[in-house]
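Next one to model:
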Amino acid sequence: QVQLAESGGGLVQPGGSLRLSCAASGNIFSFNVMGWYRQAPGKQRELVADITSGGRTNYASSVKGRFTISRDNAKNTVYLQMSSLKPEDTAVYYCNAVFKPTAFSIVEQSWGQGTQVTVSS
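Model prediction:
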């Protein structure tokens with residue numbers, strides 16, 4: 001079992017910045033992809049950004065140029081630096097990890113509990 005602990009959410013004014021962190025712990029042999037999703041009230045959960053073990057990144061068009069995803073493989077931690085935040089970025093942000101618990105396991109997926117990000121003046 002892998003646990004994902006998110007932190008860094010909160011209330012910020014439009015144009016401000018926040019940094020989310022997600023630390024993974026548990027039985028981890030390797031990570032394939034780690035990423036961030038978000039879900040606003042009344043909307044479906046959507047991909048914000050993800051990053052492969054090799055460092056290749058992928059962003060939703062709505063956040064490209066404003067958000068940056070990075071990871072520290074030694075700490076099993078992924079970060080999301082969010083800048084130029086807009087009210088429409090308001091959502092619960094969820095960390096996601098696709099991983100293998102052992103070298104011989106099939107790939108599994110785990111989700112964090114979510115952290116609220118509110119962009120409002």
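
tell me the contacts of residue 55?
residue 71 (Cβ atoms under 8 Å, 6 or more residues apart in numbering). Every residue, glycine included, has its C-beta placed from N, CA and C.

Can you read off the pLDDT for it?
According to the prediction, residue 55 has pLDDT 92.

Give me the residue at the spatial middle of this protein.
residue 36 (2.5 Å; Cα atoms, centre = their mean).

need the contact list for that residue.
Shown in contact with residue 36 (Cβ under 8 Å, 6+ apart): 20, 22, 47-50, 69, 78, 80, 93-96.

neighbouring contacts of stretch 98-109?
Here stretch 98-109 makes contact (Cβ under 8 Å, 6+ apart) with 2, 24, 26-34, 96-97, 110.

circling back: quick check, nearest of the contacts of residue 36 to residue 120?
Nearest to residue 120 among those, counting by Cβ to Cβ, is residue 93 at 15.6 Å.

now the closest one, nearest residue through space, not along the chain?
In space, not counting the residues next to it along the chain, residue 93 is nearest to residue 38; the distance is 4.8 Å by Cβ to Cβ, 6 or more residues apart in numbering.
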